[in-house]
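J.: give me a model of this one.
(2 chains)
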Amino acid sequence: MFAAAFDYQSPSTLEEALGVLAERGDDAKVMAGGQSLIPLLKLRFSQPQLIVDIGRVSGMADIRRDDGHMTIGALARHVDIERSKELAKHVPLMVEAVHWIADPLVRNRGTLVGSVCHADPSGDWGSIMLALNAELVAQSSKGKRVIPVDGFFQGPFTTTLRADEVVTAIRIPVPAGSAGGSYHKLERKVGDFATVAVSVQLELDGRKVKKAGIGLTSVGATNIKAKQAEQALVGQELSDKVIAEAALLAAAAAEPKDDIRGTAAYKKDVVRVFVQRGLKAALARAQEVRA
Amino acid sequence: MKVTMRVNGVERSADIEPRVLLVDFLRSNLALTGTHIGCDTTSCGACTVRMDGDPVKSCTVLAVQADGRDIQTVEGLAKGAALAPIQVGFHEEHGLQCGFCTPGMMMVTSALLERNPNPTDDDIRWAISGNICRCTGYMNIVKAVKHAAQMQADVAKAPEHAAVAGGGE
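T.: Numbers count the residues shown, from 1 in each chain, chains lettered A, B, ... in the order given. Predicted structure coming up:
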């Protein structure tokens, strides 16, 4: 299959890329690894006049720790996350979850930032970033702004990113003290989109929950942050009752549709079960960290 | 646009449209038809080649993205008449039936054996999880990779036999 014809530019600096987007942003699409964009181009679901390939921009592939955050550059691939010792130590949820993303070949090319900007409601990283309260660093020729991932997704494949902006990195707050996370995904086979997936991140203060993050995959028009469920957990000790109630609230926040992967009712119930399992797994890990 | 890349160690270039996929560049421009097009939708892995060492789906890489890079295809595995260990493994263990997925399987597993010379069955199954064999001959593919790993280990122990047993890297 061939994409519709397009112009192609591959700038070697960010400034150059931003300059091109300032002029032609409305007709352009930014490409990093291309693992979501190239399939869309081939199916002609997307027909931009210009592809701005940022793959050759230097200095954007780093994964590093700075002032209480892990900063993951726009060109850091899934496989780089898989192999990152810093992330395994500070945000182990990401290193666990990355094995669920696409397949090993796609993970050798695709990027975290590209995947989040693609904003597929079935994308895994979006709900993980929501659970982790991550933020995006967006840059245009006019300046830089920081966008919380909560609120970034507007609808399927639609975000608040402007046409002249490039997301240069994602920043994830490094949890202080005992913390743990988990990602549960139901998929028919490797590489398939999730039927349902749930990410959970917990930070504890003694036996009580200090912060809770819950993100839902494939059960709505965007990745969903289950805020009521999160709030129901804060300040609580995680008894079975508290966990069950939060799981019900998360299921209520899900808005799945019937499709070939399952009925809406079934998917809502999988959310409930995965939130329960996820909270228990995250709690056990957070307690391990403390010990 | 003019693109230039090293393909199996040889510099190749051509003038192409930006929308040309790496797999089509290899097959149509360079007549290297060992790399197969299976699903053409990033699902099956038949088109796997190695780009700067990493196995990637060449139906989901633009040829212009490969400009200046090092590409290895199935044609680059054997050294003359001497098969690479992974090829011997597939031959000895009957790791193929129709053979359509085989180039992709071999490119993925050749990369695996470089990173992990002594993989478990589980490691192999994870490594090939992005590659589909529609004859469903996965058992023998796993055996083929283990065979190749064993051959490489034997060669490492007895370097004087390297040329005979390994035939290459």
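J.: my read is that residue A:163 contacts residue A:22, right?
T.: No - with contact defined as C-beta atoms under 8 Å, residue A:163 does not reach residue A:22; the gap is 9.5 Å. (Each C-beta comes from the backbone N, C-alpha and C, glycine too.)
J.: okay, now the nearest residue to residue B:103 once chain neighbours are set aside: neighbour count?
T.: Leaving out its chain neighbours, the residue that sits closest to residue B:103 by C-beta to C-beta, 6 or more residues apart in numbering or on different chains is residue B:74, at 3.8 Å. Counted with other C-beta atoms under 10 Å in any protein chain shown, the neighbours of residue B:74 add up to 25.
J.: what helix or strand does residue A:22 sit in?
T.: helix A:14-24 (DSSP states H and E).
J.: and whatever helix or strand comes next after that helix, how far from the chain's centre?
T.: For helix A:14-24, the following helix or strand on the C-terminal side (DSSP H and E) is strand A:28-31. From the chain centre to the centre of strand A:28-31 is a distance of 19 Å (C-alpha atoms, centre = their mean, to the nearest Å).
J.: ok, so what distance separates the nearest residue to residue B:102 once chain neighbours are set aside from residue A:11?
T.: Distances taken as C-beta to C-beta, 6+ apart put residue B:96 closest to residue B:102, at 4.5 Å, once the chain neighbours are dropped. Separation of residue B:96 from residue A:11 (C-beta to C-beta, to the nearest Å): 43 Å.
J.: list the contacts for the closest residue to chain B within the stretch 51-200 of chain A?
T.: Closest to chain B within the stretch 51-200 of chain A is residue A:103: 2.9 Å, counting by C-beta to the nearest C-beta. Counting by C-beta atoms under 8 Å, 6 or more residues apart in numbering or on different chains, residue A:103 makes contact with A:190, A:191, B:45, B:129, B:130.
J.: what about the lengthiest helix in chain A, distance to the chain center?
T.: In chain A, assigned by DSSP state H, the helix with the most residues is helix A:264-290. Relative to its chain's centre, helix A:264-290 lies at 18 Å (C-alpha atoms, centre = their mean).
J.: how about the secondary structure of residue A:136?
T.: Recorded secondary structure, residue A:136: strand (DSSP: H, G, I helix; E, B strand; the rest coil).
J.: so who does it touch?
T.: A:113, A:116, A:146, A:147, A:148, A:149, A:152, A:161, A:167, A:169, A:170, A:171.
J.: so the fourth one sits in a helix?
T.: No - residue assignment for residue A:147, taken from three-state DSSP, gives strand, which places it outside any helix.
J.: wait, doesn't it sit right on residue A:138?
T.: Yes - assessed by C-beta under 8 Å, residue A:147 is found in contact with residue A:138 at 5.6 Å.
J.: so the two - more neighbours on which side?
T.: residue A:138 (22 against 17).
J.: show me the contacts for the residue nearest the centre of chain B.
T.: Note on chain B: the residue nearest the mean C-alpha position is residue B:107, at 1.7 Å, using C-alpha atoms, centre = their mean. By C-beta under 8 Å, 6+ apart, the residues touching residue B:107 are B:48, B:49, B:50, B:55, B:72, B:73, B:74.
J.: what domains does the record give for chain B?
T.: B:2-76, B:85-165 (automatic domain parsing).
J.: which of those domains has the lowest average pLDDT?
T.: In terms of mean pLDDT, the lowest-scoring of the domains of chain B is domain B:85-165 (a mean of 93).
J.: what's the neighbour count on the closest residue in space to residue B:141 that isn't next to it in sequence?
T.: Counting by C-beta to C-beta, 6+ apart, residue B:141 lies nearest to residue B:95, which is 4.8 Å off, once chain neighbours are set aside. Using other C-beta under 10 Å, the number of residues around residue B:95 comes to 28.
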